[in-house]
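Undergrad: My questions are about this predicted structure, shown below with the sequence.
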Amino acid sequence: MASIWLFLVFFGAIYAKIDTGLLGGSLPLQNPNFQTNGFDPATSTFGSGEPIAGVSTAHWLGTDAIARDTFARIVHGGWVSLVVVVVSAGCGIIIGGFLGSLVGFVRGRTETIVMASVDVILAFPALVLLLALVSIFEVRNLFVISAVIGVLSIPAYTRVARANSLAVSSREFVTAARAIGTKPSRILFREVIPNVLPTLLAYAMVAAAFVVVVEGSLSFLGLSVQLPTATWGNMINQARRDIKINVAQVIWPSLALSITVLSLNQVGDFFQQRREVRGSNL
Amino acid sequence: MGKVIAGRLVRLIATLLAVTFLTFSMTALLPGDPVNAILGVDSVRDPEVVAKIRADLGLDDPFLIRYVNWLGNTVTGDLGQSYITDQEVISTISQRLPVTAQLAFMAIIMALILAIPIGVLGAYKQGKWQDSTTSAGVQVALSVPNFIVGIFLIWLFSVQLGWLPASNWNRISNDGLIENLKTAILPASALAMTQMAIFSRLVRSDMIATLQENYILAARSKGLSNRFILLRHALRPSSLSLMTIIGINFGALLGGTVIIETLFAIPGIGFRLINAINQRDIIVIQGITVFIATAYVVINTVVDLLYAVIDPRIRRA
């Protein structure tokens, strides 16, 4: 269930992205930024769309305050979440994973320095540090937002990787590799990192849920990707102003966001439990 | 014990130095002249004002000297002054701190009041329907972001039922406790939701482990009632882990207050931070960030120390 939902949301977002760009709109999906009641200079008439409309065959989930199709905006909104999740997991696993595995393996002063800097970043409340960093940038586009979230993801991954690397590095096969004179760099890449990686991937799932919430919060505060790009967070923020007229427009993006987070949590729990079971069998 | 405290204090000071340094360097990351960022690029340049800001911030000094000066001011409570509202940052914080503190405190209390019975029930009825329903509910509570909870609380209690105000804040000193609680209960509940889920998960798993201990068996064989065993014998060890998790989660809670205060238009520290970010009021952003980070670090140190006070095993380790 959880994985089906995640597949639908993220595949839908990717397909919609490619579709509007390359395939020229083969999907029955509408343009997420098209105002169906907007002024058309070609015919000099206003469109026939209605703002804050209910569910209909033309607009499956209705329209928002300026008569844009809500369903299309939700599908496209998944794109921002997906990019942020992928970038943060990528930064975390590649940079954080490498750093953590390295210092857990070589120990010594490198470890002290790296872990001390990691601890300093983790000493900040995550969202507050993120807000402070985001406020530096005048232009907030998808690149900036995902880069900032990506960089801030590194410390947590470093910690997880180091803890696992410490455990792996004291195992027999590492000692054996040392004994037969394998170069340390080869041990690190051939023995330690492959054993740390599965745990990191399981952690990435749990972290993904957190990242989706964080991006949603930023969007909700109006500090993520600039409008009119659709994100679930900014859809919720815009729709809440009309909550007295129509609560449904708040419900749809809220559901999309919450179910995605729930699914990521479920999948993450599943992977982590499997890791633990495997770990205890070793 | 004295050694533990001394060790923790040294670490606390080192962390605070690093945290303040990081916050301060963020202003150095600003592209171009900081004066531009402070005044806004489009504003009319009054050379006198520019000169005053340069002198105030010591912008002509090297970076490290600026940091040391700024740190000196910060330690003595001078966080600078907003160039947009002309208000001292420290007085802004002291005005707004009681509001944010009240929200955070209420949220933790509410979360605990709900979480302990739910966790105990889940552990006691482990595997039965009571456990599976509460666990599912906790999973959902864990996954719904607090601003969504807040919006639907507003929708239900303000828009539909009209019982409580959707925004604003009544101060205890002006309007009395009841009026104050009317404005505080919805935002505090929104904040409490996630915390409740985390706490009750912890109580449940802790308690399942504790219930298998020999001393619980001993208590059972003495014929003590279930109620007594659960509350007196089994819950007590969990209070330690609860305390730790409250400390760890305090950062998330502070982040939560930023969002919830903005949603409910509550004049707390978090709402001011968002305003400052929207106005690009660098001095205020910097001051509030340093304040929140310091509070978080100090609270975690205090929790660590309390832990050592309560559990003697940690003192020796």
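TA: Structure received.
Undergrad: all contacts plus neighbour counts: C-alpha atoms, from now on.
TA: Will do.
Undergrad: what residue ranges in the chain score low on pLDDT?
TA: Unless you meant another one, I'm taking chain A. Scanning chain A for pLDDT under 70 picks out the ranges A:9, A:11-13, A:15-62, A:64-67, A:275-282.
Undergrad: I was thinking of chain B, sorry if that wasn't clear
TA: B:1, B:27-46, B:57-60, B:311-317.
Undergrad: I'd like to know how many residues surround A:F105.
TA: The local packing of A:F105 (other Cα atoms under 10 Å in any protein chain shown) involves 25 other residues.
Undergrad: Extract the CA atoms of the strand or helix carrying it and return them as CSV.
TA: In the assignment (DSSP states H and E), A:F105 maps to helix A:97-106. The C-alpha coordinates for helix A:97-106 follow below in CSV (Å, rounded to 0.1, in the frame of the first residue of the first chain):
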residue,chain,number,x,y,z
GLY,A,97,28.2,8.3,4.3
PHE,A,98,31.8,8.6,3.0
LEU,A,99,32.8,10.9,5.8
GLY,A,100,31.2,8.7,8.5
SER,A,101,32.7,5.5,7.1
LEU,A,102,36.1,7.1,6.8
VAL,A,103,36.3,8.5,10.3
GLY,A,104,34.8,5.3,11.9
PHE,A,105,37.5,3.3,10.1
VAL,A,106,40.6,5.5,10.6
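Undergrad: Would you agree A:L133 is in contact with A:I145?
TA: No: counting by Cα atoms under 8 Å, A:L133 sits too far from A:I145 to count as a contact (9.7 Å).
Undergrad: picking up where we left off before, can you tell if the helix or strand just after the helix holding A:F105 touches chain B?
TA: As assigned by DSSP H and E, the chain's next helix or strand after helix A:97-106 is helix A:108-122. Yes: Helix A:108-122 reaches chain B (Cα under 8 Å from any Cα of the partner chain) through A:V120, A:I121.
Undergrad: Which secondary structure elements does helix A:108-122 sit against?
TA: Contact analysis of helix A:108-122 by 3 or more Cα pairs under 8 Å, 6 or more residues apart in numbering or on different chains; DSSP states H and E lists helix A:97-106, helix A:142-169, helix B:2-29 as its packing neighbours.
Undergrad: what's in contact with the helix or strand just after that helix?
TA: Next in sequence after helix A:108-122, counting helices and strands by DSSP H and E, comes helix A:126-136. Helix A:126-136 is contacted from outside by A:140, A:145, A:148-149, A:152, A:214, A:218, A:223, B:26-27, B:29-30, B:251-252, B:254-255, B:277-278, B:280, B:285-286, B:289, B:292, using Cα atoms under 8 Å, 6 or more residues apart in numbering or on different chains.
Undergrad: same deal with stretch B:192-207?
TA: Taking Cα under 8 Å, 6+ apart as the rule, stretch B:192-207 contacts B:107-108, B:110-112, B:114-116, B:118-123, B:135, B:138-139, B:141-146, B:149, B:234-235, B:238, B:241-242, B:245, B:249, B:253.
Undergrad: Based on its surroundings, how many neighbours for the closest residue to chain B within the stretch 101-250 of chain A?
TA: Per Cα to the nearest Cα, A:P125 is where the stretch 101-250 of chain A lies closest to chain B, at 4.3 Å. Close neighbours of A:P125, defined as other Cα under 10 Å, add up to 25.
Undergrad: Would you check that it makes contact with B:A295?
TA: No: shown here, A:P125 and B:A295 do not form a contact pair, counting by Cα under 8 Å, at 9.9 Å.
Undergrad: ok, longest helix in chain A?
TA: If you go by DSSP state H, chain A has its longest helix at helix A:248-281.
Undergrad: buried set for it?
TA: A:248-254, A:256-269, A:271-272, A:275 (16 or more other Cα atoms under 10 Å in any protein chain shown).
Undergrad: Now do that helix: which elements does it pack against?
TA: Helix A:248-281 packs on helix A:2-18, helix A:70-91, helix A:193-220, helix A:232-239, helix B:129-143, going by 3+ Cα pairs under 8 Å, 6+ apart.
Undergrad: what would those look like in CSV with distance to B:E179?
TA: Formatted as CSV, the helices and strands packed on helix A:248-281 follow (distance: least, Cα to Cα, whole Å):
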stretch, distance to B:E179
helix A:2-18, 43
helix A:70-91, 38
helix A:193-220, 28
helix A:232-239, 27
helix B:129-143, 28
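Undergrad: a markdown table for those, including mean neighbour count?
TA: Converted to a markdown table, the helices and strands packed on helix A:248-281 look like this (neighbours: other Cα atoms under 10 Å in any protein chain shown):
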| stretch | mean neighbour count |
| --- | --- |
| helix A:2-18 | 17 |
| helix A:70-91 | 23 |
| helix A:193-220 | 22 |
| helix A:232-239 | 24 |
| helix B:129-143 | 17 |
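Undergrad: need the residues of the stretch 1-150 of chain A near chain B, please.
TA: A:120-121, A:123-129, A:131-133, A:135-137.
Undergrad: just the stretch 151-282 of chain A next, same as before
TA: Checking the stretch 151-282 of chain A against chain B by Cα under 8 Å from any Cα, the hits are A:213, A:217, A:221, A:240, A:243-244, A:247, A:254, A:257-259, A:261-262, A:265.
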